[in-house]
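Student: Let's see this in three dimensions:
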Amino acid sequence: MRGWILEESPGDYRWGEVPTPVPGPGEVRIEVRASALNHIDLWLTRGMPKPRSFPHVSGSDVAGVIDMVGPGVGDWQPGDEVVMEAGITSHQAILTRGIDSIVDPGTHLLGEHRWGGHADYVVVPAWHPVRKPKHLSWVECAAYPVCHVTAWRMLRKGRVQAGTKVLVVGGGGGVAVASLLIAKYLGAEVYATSRDEAKRTRAKELGAVEAFDSAGPYPVKVEVVVDSVGAATWEPAVRALDNGGRYVTCGATGGVEVPLLLPRLFFKQQELIGVTTGSHLEFVQVTDHVARGLPVIVDEVFPFDAYPDALTKLAKCEQVGKLVLEH
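Tutor: A predicted model of the protein is given here:
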């Protein structure tokens, strides 16, 4: 099969042929129709982290058609249209841990720890895909799993509901845009930040009450901060968090080390919460809401062979929403 292959890390992806995977017991093979980019695609080229083996195929967001099922699979048939989630856990973890199955120590990420979707085919456990919402395009289906499910879990852990004041840090990235959309969908009062004026304008078009320059200060007190940036915006974001507030972080694209003053945290009765991506049950919940009208924002669609161009745009943080490859 064709795919974008990483043969060393640090290193660059190359377009080439790799063996087409065959599903084993309890697995299905998906013929990929669209896949979306995430920062993990960039980090793998920098050796942070390194794939477990080479050659490696990245791609954590996948939508396509099941074309082969492995032994023991009875729920899927060739021709079924599906969307795949990024966080892969055992079936037992889903049954025993439920909505928190993602914290199981055996969890691994599609496209990081195993071959992902930036190829013609991908093999995954049969209990992870869900049926494609009929009214969505393949591009839209590839655009929501990582960002929307991560944002959904962040907002759930932050206990966001109608009327909650939420600050979304970093207004153009996939998780930030999804957080804004979902918080608005839930009835929250949403504020956003960006260093780019055009992105601040776009955030307001998507429902933010106001959008502030990322440099701060942010002239608002909020109950929840949703942050995928990290060090670059930590100080003004923390200062915007009200007493009893929840600071939920899922990424550190703007730096990994922050000055955490413990008295600020405990005297103000604040919570610091970490999230990676969401669980299978949260993926099912998000898919249901997307099918019923929760928006999905695609910034640009690239042909499959233009993956390097899409990576360049992602590295420059020029997007508002998701960058998607159409296979």
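
Student: from here on, contacts and neighbour counts on C-alpha atoms
Tutor: OK.

Student: for the residue lying farthest from the centre of the chain, what are its contacts?
Tutor: Residue farthest from the centre of the chain, counting by CA atoms, centre = their mean, is Phe267 at 32.8 Å. Contact analysis of Phe267 by CA atoms under 8 Å, 6 or more residues apart in numbering lists nothing.

Student: again with Asp305
Tutor: Contacts of Asp305 by CA under 8 Å, 6+ apart are Trp15.

Student: before we move on, what SS does it have?
Tutor: helix (DSSP: H, G, I helix; E, B strand; the rest coil).

Student: coming back round to it: tell me the spacing between the residue farthest from the centre of the chain and Pro219.
Tutor: 21 Å (CA to CA, to the nearest Å).

Student: Now do the buried residues in the strand or helix carrying Ile40.
Tutor: Using DSSP states H and E, Ile40 sits in helix 39-45. Within helix 39-45, the residues scored as buried using 16 or more other CA atoms under 10 Å are 40-42, 44-45.

Student: just for this structure, where's the confidence low?
Tutor: Along the chain, segments meeting pLDDT under 70 are nowhere present.

Student: For it, which segments count as helices?
Tutor: 39-45, 91-97, 138-143, 145-157, 174-185, 197-205, 234-239, 262-267, 280-291, 307-315 (DSSP state H).

Student: Same list, those, but as JSON lines with distance to Asp120 please.
Tutor: Listed next are those as JSON lines, based on distance: least, CA to CA, whole Å:
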{"stretch": "helix 39-45", "distance to Asp120": "17"}
{"stretch": "helix 91-97", "distance to Asp120": "26"}
{"stretch": "helix 138-143", "distance to Asp120": "14"}
{"stretch": "helix 145-157", "distance to Asp120": "19"}
{"stretch": "helix 174-185", "distance to Asp120": "24"}
{"stretch": "helix 197-205", "distance to Asp120": "33"}
{"stretch": "helix 234-239", "distance to Asp120": "40"}
{"stretch": "helix 262-267", "distance to Asp120": "48"}
{"stretch": "helix 280-291", "distance to Asp120": "23"}
{"stretch": "helix 307-315", "distance to Asp120": "13"}
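
Student: Of those helices, give the one that comes closest to Ala215.
Tutor: Using CA to CA as the measure, helix 234-239 is the one of the helices of the chain that comes nearest Ala215, at 7.4 Å.

Student: Name all residues that make contact with the residue nearest to Gly87 when sequence neighbours are not counted.
Tutor: Using CA to CA, 6 or more residues apart in numbering and skipping the chain neighbours, the partner closest in space to Gly87 is Leu109 (4.9 Å). Taking CA under 8 Å, 6+ apart as the criterion, Leu109 is in contact with 60, 86-88.

Student: mind redoing it with 6 Å?
Tutor: By CA atoms under 6 Å, 6 or more residues apart in numbering, Leu109 lies in contact with 86-88.

Student: Please tell me how far it sits from Glu85.
Tutor: For Leu109 relative to Glu85 (CA to CA), the value is 9 Å.

Student: Check Arg239 too.
Tutor: 34 Å.

Student: out of these two, which sits in the busier spot?
Tutor: Taking other CA atoms under 10 Å, Arg239 and Glu85 do not tie; Glu85 has more neighbours (27 against 16).

Student: Now for that one: which residues touch it?
Tutor: Contacts of Glu85 by CA under 6 Å, 6+ apart are Pro145.

Student: let's number from 777 now, not from 1
Tutor: Will do, 777 is the new start, and the previous item becomes Glu861.

Student: pretty sure Ala1008 is touching Gly1030, no?
Tutor: Yes. Look at Ala1008 against Gly1030 with CA atoms under 6 Å: they come within range, at 5.0 Å.

Student: So for those two, which residue has more residues nearby?
Tutor: For Ala1008 versus Gly1030, the count of surrounding residues by other CA under 10 Å is larger for Ala1008: 18 against 14.
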